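In: A predicted structure for the sequence below; I have some questions about it.
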Amino acid sequence: MAADFTIRAARPTEPDAQALIARHLGQMADQSPEESCHALDSSGLETPGVDFFLLELEGDVMGMGALAKLGSGAVELKSMHTKSEVRGSGAGRAMLAHLLDLARSKGASAVFLETGSTDDFLPARRLYESVGFRICGPFGDYGPDPWSVFMQLDLGPSADTPRAS
């Protein structure tokens with residue numbers, strides 16, 4: 001049975017958001033060298049052009065995700081993170097569906113993301129691949145990095161991606 005998640009627009013400066021962002025940044029620092037950590041802190045997620053969301057389960061913040069404008073009609077998926085306690089429950093898939101629906105509603109032509117290349121990030125890469133993301137080259141301000149995998153999802157009327165419910 002799927003969990004009953006609530007996803008809401010939030011400010012990265014909210015206490016619950018700051019705690020989750022700190023947890024995410026700590027995990028990324030443990031899994032990748034500093035120069036290969038591209039996760040945004042609260043101030044980076046608070047900038048214009050970034051839409052930030054929290055995922056809650058029974059009132060507890062369990063995940064987050066954001067979309068950042070890239071230009072030319074594209075957006076970047078940022079700061080996707082779910083607490084380990086809810087991994088495998090559909091929380092990440094629910095947030096991803098929400099963000100892809102938002103990208104479509106804003107008329108985005110494509111969604112890009114950067115994630116880790118190590119086995120720690122394999123579940124995330126599989127989730128992204130399951131909705132149609134494909135590996136691409138570095139985009140935006142990124143350069144080649146052996147610790148990074150870059151992915152792209154073209155958004156079109158026939159795109160086979162999940163919808164938020």
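Out: Everything's here; your move.
In: Give the partner strands of the helix or strand containing residue 64 in its sheet and their orientations.
Out: Using DSSP states H and E, residue 64 maps to strand 60-71. Here strand 60-71 is paired, per DSSP bridges, with strand 50-57 (antiparallel), strand 74-82 (antiparallel).
In: So for it, mean pLDDT?
Out: Average pLDDT, strand 60-71: 94.
In: Next, report how far that strand is displaced from the centre of its chain.
Out: 5 Å (CA atoms, centre = their mean, to the nearest Å).
In: same thing with stretch 136-155?
Out: Distance, centroid of stretch 136-155 to centroid of chain: 14 Å (CA atoms, centre = their mean).
In: Endpoint to endpoint, that stretch covers what distance?
Out: 15 Å (CA to CA, to the nearest Å).
In: what comes up buried for it?
Out: 139, 145, 147-153, 155 (16 or more other CB atoms under 10 Å). Just so you know, the C-beta spots here come from the backbone N, C-alpha and C atoms, and that holds for glycine as well.
In: just stretch 109-126 next, same as before
Out: So, applying 16+ other CB under 10 Å, buried residues of stretch 109-126: 110-117, 121, 124-125.
In: Run through this structure and note the low-pLDDT ranges.
Out: Residue ranges of the chain with pLDDT under 70: 1-2, 28-30, 33-34, 36, 156-165.
In: In this structure residue 51 contacts residue 76, no?
Out: No - between residue 51 and residue 76 there is no contact under CB atoms under 8 Å: 11.1 Å.
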